[in-house]
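Asker: predicted model and sequence below, questions to follow.
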Amino acid sequence: MRRPDRTKINDMNKIFKQLGADSAYLLSSFPIALPAFVITVTGFAAGIGTAVVWVGVPILAATLFAMRGLAAAGRSQLGNVLNQPVNQPHYKRAPENASALRRALTPVTDGQSWLNLLWGLVNFPLAVAGFCVALSWWIATVASLAYPLYAWIINRAVDGTNGGDGLEYATRWLGWGDSYAAASLLAVLGGLVMALLLPLVLRGFAITQATLAKGLLASLTESDAPRPLSPVRTATIDAEVTRVQERLAA
């Protein structure tokens with residue numbers, strides 16, 4: 001007997017692993033996006049509306065501070081979806097000898113803090129759409145594949161008074177009759193089609209939402225992060241240090 005191709009097995013494992021990561025991301029991003037959207041809209045509206053009397057400035061600062069935690073939660077989800085590490089942002093800090101007021105108002109002058117606020121606004125509709133599609137597609141797929149296991153309960157409950165669950169109309173149109181086996185076969189075939197499309201559909205929603213989130217939550221991290229010395233530059237410095245030491249020794 002021939003052993004199954006290891007490459008195909010590895011590819012299937014990658015598909016299932018990515019499907020799990022995308023499903024977890026889409027289902028868990030909504031509980032983060034909802035409070036982020038509420039804080040963004042409420043805090044920004046209250047802060048801008050009262051900024052004339054300077055009351056809104058502390059409100060904006062508090063809103064930006066609160067969004068840092070939610071942005072960190074959203075940023076922590078991106079690695080498994082994008083299959084690459086996401087750097088942490090470098091927020092602007094007040095000087096050590098700064099007053100308490102200046103420390104509190106520092107987020108107002110920080111670019112990444114405002115990008116967090118923008119993420120809380122534009123991420124919400126994508127999170128809602130992704131959550132609804134992921135949840136409904138999973139439920140429909142599982143329900144269709146498991147139809148033969150529970151459909152007899154529905155048929156017994158309705159007792160044919162309202163035509164069952166409606167699959168009989170489709171099976172009659174296909175010429176399969178209206179038997180329980182025909183309805184079960186049609187439901188399972190539909191479930192298989194949905195199961196094949198499930199990784200593609202969820203991947204599309206997840207990659208769209210995650211790419212936008214990375215652009216807003218990590219766009220300033222790469223430019224602000226300190227860059228390591230290149231190997232050529234390091235070798236040049238080492239050679240120069242060695243030459244200086246030899247001259248001093250001589």
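Answerer: Arrived safely, thanks for sending.
Asker: going by C-alpha atoms from here, please, whenever you check contacts or count neighbours.
Answerer: Will do.
Asker: where does this structure have low pLDDT?
Answerer: Where the chain drops to pLDDT under 70, the residues are 1-5, 159-165, 221-241, 244-250.
Asker: 80 instead?
Answerer: 1-8, 51-55, 94, 96, 98-104, 154-166, 168, 178, 219-250 (pLDDT under 80).
Asker: for it, just list every one of the helices.
Answerer: With DSSP state H as the criterion, the chain has helices at 6-49, 56-76, 78-82, 100-105, 111-145, 147-158, 167-173, 180-217, 221-224, 231-249.
Asker: closest one to Pro89 among the ones you listed?
Answerer: helix 221-224 (4.7 Å; CA to CA).
Asker: so who does Leu145 touch?
Answerer: 187-192 (CA atoms under 8 Å, 6 or more residues apart in numbering).
Asker: got a winner among those for most neighbours?
Answerer: Neighbour counts for these, by other CA atoms under 10 Å, peak at Gly191, which reaches 22 neighbours.
Asker: that one against Ala140, yeah?
Answerer: Yes: in this structure Gly191 lies within contact range of Ala140 using CA atoms under 8 Å: 7.4 Å.
Asker: and for Val55, the neighbour number?
Answerer: 14.
Asker: identify the residues contacting it.
Answerer: When contacts are counted by CA under 8 Å, 6+ apart, Val55 is found next to Gly47.
Asker: roughly how far apart are it and Ile15?
Answerer: Distance, Val55 to Ile15, by CA to CA, to the nearest Å: 52 Å.
Asker: for Ala33, same thing?
Answerer: 26 Å.
Asker: same drill for the two, tell me which one is more crowded.
Answerer: A side-by-side neighbour count of Ala33 and Ile15, using other CA under 10 Å, places Ala33 first with 25 against 14.
Asker: how about the contacts made by Ala218?
Answerer: Residues in contact with Ala218 (CA under 8 Å, 6+ apart) are 75, 86-89.
Asker: closest to Ser136 out of the contacts of Leu145?
Answerer: Gly191 (12.7 Å).
Asker: sorry, back to before: so can I have a markdown table of the contacts of Leu145 showing distance to Ala66?
Answerer: Compiled in a markdown table, those are given as follows (distance: CA to CA, whole Å):
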| residue | distance to Ala66 |
| --- | --- |
| Ala187 | 47 |
| Val188 | 47 |
| Leu189 | 48 |
| Gly190 | 45 |
| Gly191 | 43 |
| Leu192 | 44 |
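Asker: of these, which is the nearest to Phe131?
Answerer: Each of the contacts of Leu145 was scored against Phe131 by CA to CA, and Gly191 proved nearest at 19.8 Å.
Asker: next, count neighbours for Val81.
Answerer: Neighbours of Val81 (other CA under 10 Å): 22.
Asker: for Arg6, that is, sorry about that
Answerer: Using other CA under 10 Å, the number of residues around Arg6 comes to 9.
Asker: just Ala46 next, same as before
Answerer: 17.
Asker: go on, the one 10 residues further on?
Answerer: Other residues near Gly56 number 19, with proximity taken as other CA under 10 Å.
Asker: show me the contacts for the residue nearest to it when sequence neighbours are not counted.
Answerer: Counting by CA to CA, 6 or more residues apart in numbering, Gly56 lies nearest to Gly47, which is 3.8 Å off, once chain neighbours are set aside. Contact analysis of Gly47 by CA under 8 Å, 6+ apart lists 55-60.
Asker: hang on, Leu34 packs against Phe124?
Answerer: Yes: the pair Leu34 / Phe124 is scored as a contact, 6.6 Å apart, by CA under 8 Å.
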